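J.: need a 3D model of the following:
(one chain, ligands or ions: 1)
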Amino acid sequence: MSDPGRQAVRDAVSAWCAAQAKPAPFEPGLTPVPVSGKVVGETERLAMVEAALDGWLTTGRFNEAFEKRLADWFGLPHAITVNSGSSANLVAVSSLFSPRLGPAAIQPGDEIITVAAGFPTTVNPILQNGAIPVFVDVRPGTYDIDAAALAGALGPRSRAVVLAHTLGNPFDLAAVMDFCARHDLWLIEDCCDALGSRYRLPDDASDWRPRLPTADDPRRWSLAEAPEPERHVGTFGHLATVSFYPAHHITMGEGGAVLTFDMALRRIAESFRDWGRDCWCAPGCDNTCGKRFDWQLGGLPRGYDHKYTYAHLGYNLKISDMQAACALAQMDRLPGFVAARKANFAHLSARLADCADALQLPFATPGSTPSWFGFPITLRPEAGLNRVDLLQWLDQHRIATRLLFAGNLTRQPYLQGKTFRVAGSLEQTDRIMNDTFWIGVWPGLTIDMLDYAADQIRVFLGRDFD
Ligand SMILES: Cc1ncc(COP(=O)(O)O)c(C=O)c1O
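T.: Got it, this is the predicted structure:
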């Protein structure tokens, strides 16, 4: 926009950015080595200021551009933004309960298969919608669902599988998609920690794709266009979610998105996001459907304004245009961020490879190329190490650590007394709860920081280092 006033503001923002002090050189033991963080600079600040000067404030032109850019990145037709990754999961799971899905809709009391080693808000929307989570164990090293245990989790009321790609490592999509297809289950991929991770289906499974209920017979499944066998995670399930919290691969402060290849699911998800309304007009628009005063829905009189007609028990989970502007600017950096995360992970793997007798080191799920969120480590029982001692040692050296989120969700206080089912044992999940932690691989870390983190782990183990 050629607007001298705006240009003056832009110049002032650029001058302010240029005047910011460069980060001090890394001082081992003094400079913090965070697990995660944001990398934002002049472009994000300029974009946010631009959106602020628009004065539009709610979801607007930046959001429209960002949703399109994000969908294109995934190679999907639909991305809708929400105000967090948790909200994205809430919208995605709630959407599968929509009456618009007819007999394919999940009902309260139905079961949804998931894992307990993860983040609570992957699972919470199952309970919030009155369904029953069924927890299956995970595998060491990859931290994904033990697909061999899926069959034992199946029951007459199983309706869906909801799983996260833990710390960026894709779950065994080939096995999970096959299981979902054979048992007519919905699949939601929580990609909050996995933006940019890729997965290749086996060649003989190149036409495996999520199946959708058709409008005339929701239990008869129609096939979408055959997609590429190797693609981004988030394109395999019926719905997928991402988070844009500052710790994540790109950020807008608080934020998230729901992705799908299907227009009907998009409309349902949008409705849950936008108060539950039936109308799908963008903010500030009227009569997108062309029959705003010509619907007759529910028990309302014909012609009741479509803008105030509600199809779902909805929420308001929209974002502001300043948030969208920040994330739009971050999209230019995304390929670099993904490359940095992979390189940092590879560096730590190499530096710790000879400690594999004491530490279970992480590795990519077969068929996958992860865009890692963190570097998970599990202490081997035979090493006789104490996790608290190690984490305190790292903390003293200013190296931040995190646990694998809730560890074993079934042991968290808030799940006591709630209705859930455990299929088989959660032995590995308990192991994660007791012996796993992770350190950072985010793009803000330097090689010196990564080396220092690896060295301090080595010192704790009594190993040599350069
Ligand atoms: C796997 C997973 N799902 C969902 C979320 C929630 O995302 P948000 O913090 O944006 O609500 C997180 C948070 O880190 C996560 O790790």
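
J.: from the ligand, how far off is D294?
T.: 39 Å (C-beta to the nearest ligand atom, to the nearest Å). C-betas here are computed from N, CA, C, even on glycine.

J.: next, count neighbours for the closest residue to Q128 other than its chain neighbours.
T.: Distances taken as C-beta to C-beta, 6 or more residues apart in numbering place L90 nearest to Q128, at 6.9 Å, with adjacent residues excluded. By other C-beta atoms under 10 Å, 24 other residues sit near L90.

J.: ok, now the one 3 residues further on?
T.: For V93, the count of nearby residues is 28 (other C-beta under 10 Å).

J.: now it, what are its backbone angles?
T.: phi -70, psi -40 (degrees, to the nearest 10).

J.: got a list of what it touches?
T.: 112, 125-126, 128-129, 160, 162, 188 (C-beta atoms under 8 Å, 6 or more residues apart in numbering).

J.: any chance of those in JSON lines, plus neighbour count?
T.: Supplementary listing: these in JSON lines, determined by neighbours: other C-beta atoms under 10 Å:
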{"residue": "I112", "neighbour count": "26"}
{"residue": "P125", "neighbour count": "26"}
{"residue": "I126", "neighbour count": "25"}
{"residue": "Q128", "neighbour count": "13"}
{"residue": "N129", "neighbour count": "19"}
{"residue": "A160", "neighbour count": "24"}
{"residue": "V162", "neighbour count": "27"}
{"residue": "I188", "neighbour count": "28"}
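
J.: from the residues you listed, which ones fall inside strands?
T.: 112, 160, 162, 188 (DSSP state E).

J.: which ones are touching the residue of the stretch 301-450 of the chain at minimum distance from the ligand?
T.: Of all residues in the stretch 301-450 of the chain, F405 sits closest to the ligand, at 6.2 Å by C-beta to the nearest ligand atom. Under the criterion of C-beta under 8 Å, 6+ apart, the neighbours of F405 are 117-120.

J.: name the nearest of those relative to D321.
T.: F119 (27.7 Å; C-beta to C-beta).

J.: the closest one and A406 touch, don't they?
T.: Yes - in terms of C-beta atoms under 8 Å, F119 counts as a neighbour of A406; the distance is 6.6 Å.

J.: pull up the residues of the stretch 251-400 of the chain that are close to the ligand.
T.: With C-beta under 6 Å from any ligand atom as the criterion, the stretch 251-400 of the chain comes near the ligand at residues G256.

J.: in the stretch 251-400 of the chain, which spans are helices?
T.: 263-273, 321-331, 334-352, 387-396 (DSSP state H, counting those that start in this stretch).

J.: could you find the residue nearest the spatial middle of the chain?
T.: Nearest residue to the geometric centre of the chain (C-alpha atoms, centre = their mean): C192, 1.3 Å.

J.: on that earlier part again, isn't the residue nearest to Q128 right up against G314?
T.: No - proximity of L90 to G314 does not meet the contact threshold set by C-beta under 8 Å, at 10.5 Å.

J.: find residues that contact each of the two.
T.: Common neighbours of L90 and G314 (C-beta under 8 Å, 6+ apart) are F272.

J.: so for stretch 30-46, what gets flagged as buried?
T.: 31, 33-40, 43-46 (16 or more other C-beta atoms under 10 Å).

J.: stretch 343-363 now?
T.: 344-345, 347-349, 351-352, 355, 358-362.

J.: and the pLDDT for the residue in the stretch 251-400 of the chain that the ligand sits nearest to?
T.: For the stretch 251-400 of the chain, the residue closest to the ligand is G256, as judged by C-beta to the nearest ligand atom, at 5.1 Å. At G256, the model reports a pLDDT of 98.

J.: OK, contacts around M322?
T.: Applying C-beta under 8 Å, 6+ apart, the residues near M322 are 48, 51-52, 57, 62.

J.: go on, T114?
T.: Per C-beta under 8 Å, 6+ apart, neighbours of T114: 122-123, 126, 133-136, 161-163.

J.: hmm, try it at 7 Å
T.: Neighbouring residues of T114 by C-beta atoms under 7 Å, 6 or more residues apart in numbering: 122-123, 126, 133, 135, 162-163.

J.: same check on D435?
T.: Applying C-beta under 7 Å, 6+ apart, the residues near D435 are 378-379, 387.

J.: distance of the residue lying closest to G118 once chain neighbours are set aside relative to the ligand?
T.: Excluding its sequence neighbours, the residue lying closest to G118 (C-beta to C-beta, 6+ apart) is A164, at 5.2 Å. Between A164 and the ligand the computed distance is 4 Å (C-beta to the nearest ligand atom).

J.: okay, and the beta partners of A164?
T.: Beta bridges link A164 to D190, judged by DSSP bridges.

J.: returning to that earlier point: the residue nearest to the centre of the chain contacts V242, correct?
T.: Yes - at 5.9 Å, C192 counts as touching V242 under the criterion of C-beta atoms under 7 Å.

J.: now do the shared contacts for these two.
T.: G85.

J.: in this protein, which helix or strand is least confident?
T.: strand 221-223 (a mean of 44; mean pLDDT, DSSP states H and E).

J.: hmm, back to that, keep only those of the buried residues of stretch 30-46 that are in helices.
T.: 43-46 (DSSP state H).

J.: which one of those residues is nearest the ligand?
T.: E44 (17.6 Å).

J.: quick revisit: so the residue nearest to G118 makes contact with F119?
T.: Yes - judged on C-beta under 7 Å, A164 makes contact with F119 at a distance of 6.5 Å.

J.: looking at those two, which one has more neighbours?
T.: A164 (30 against 20).

J.: any idea how far that one is from F405?
T.: Distance from A164 to F405, counting by C-beta to C-beta, to the nearest Å: 9 Å.
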